[in-house]
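Q: this is a predicted model, with the sequence first.
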Amino acid sequence: MVWGGISTRLRTPLYHVVGNLTGVRYQNEILQPLVVPALQAIGPRAILQDDNAPPHRSAAVNTFIQQARVNRMLWPANSPDLNPIEHMWDELCRRVQQHLPPPANLGQLLQWLQQEWNGVPRAFICNLIHSMRQRCVECMAHNGGHTRY
């Protein structure tokens, strides 16, 4: 598994998560070293959009986020996943699959993932993020059902 964050101004390094991601690991390996500095670089209006994955919602993570004064977008449980990062993962997958032959090992796969992650044009990422309002509008119009996103 890999983790990464995007904004219109920057993207975090792609982080390889080895093993199961717990709340404590999410806090220590991702939030503290990657997310908080990225949000600080963006500025005081930066908002973290994560999902309701158990590691993201652990008590330790919630406490850390409050103490770090991270603005977090709240999502109700079982809500549609409108996070633009999901489309970034799709793009990353398409780009890596274009490498032929397929990766020979995990190291090569991780190298290609990082290369392609860095190669996704900023305009593509900005388009994903700027489409967020329309994603929400369309989701509400469909009562939380299927949308074109």
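A: Yep, that arrived. Residues are numbered from 1 along each chain as shown.
Q: just the buried positions in stretch 97-116, please.
A: 109, 112-114, 116 (16 or more other CB atoms under 10 Å). From N, CA and C alone the C-beta is placed, and that goes for glycine too.
Q: Throw those into JSON lines and include secondary structure, thanks.
A: Output for those, formatted as JSON lines (DSSP: H, G, I helix; E, B strand; the rest coil):
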{"residue": "Leu109", "secondary structure": "helix"}
{"residue": "Trp112", "secondary structure": "helix"}
{"residue": "Leu113", "secondary structure": "helix"}
{"residue": "Gln114", "secondary structure": "helix"}
{"residue": "Glu116", "secondary structure": "helix"}
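Q: which residues touch Gly119?
A: Contacts for Gly119 (CB atoms under 8 Å, 6 or more residues apart in numbering) come out as Arg95.
Q: rerun that using 10 Å as the cut-off
A: When contacts are counted by CB atoms under 10 Å, 6 or more residues apart in numbering, Gly119 touches 92, 95.
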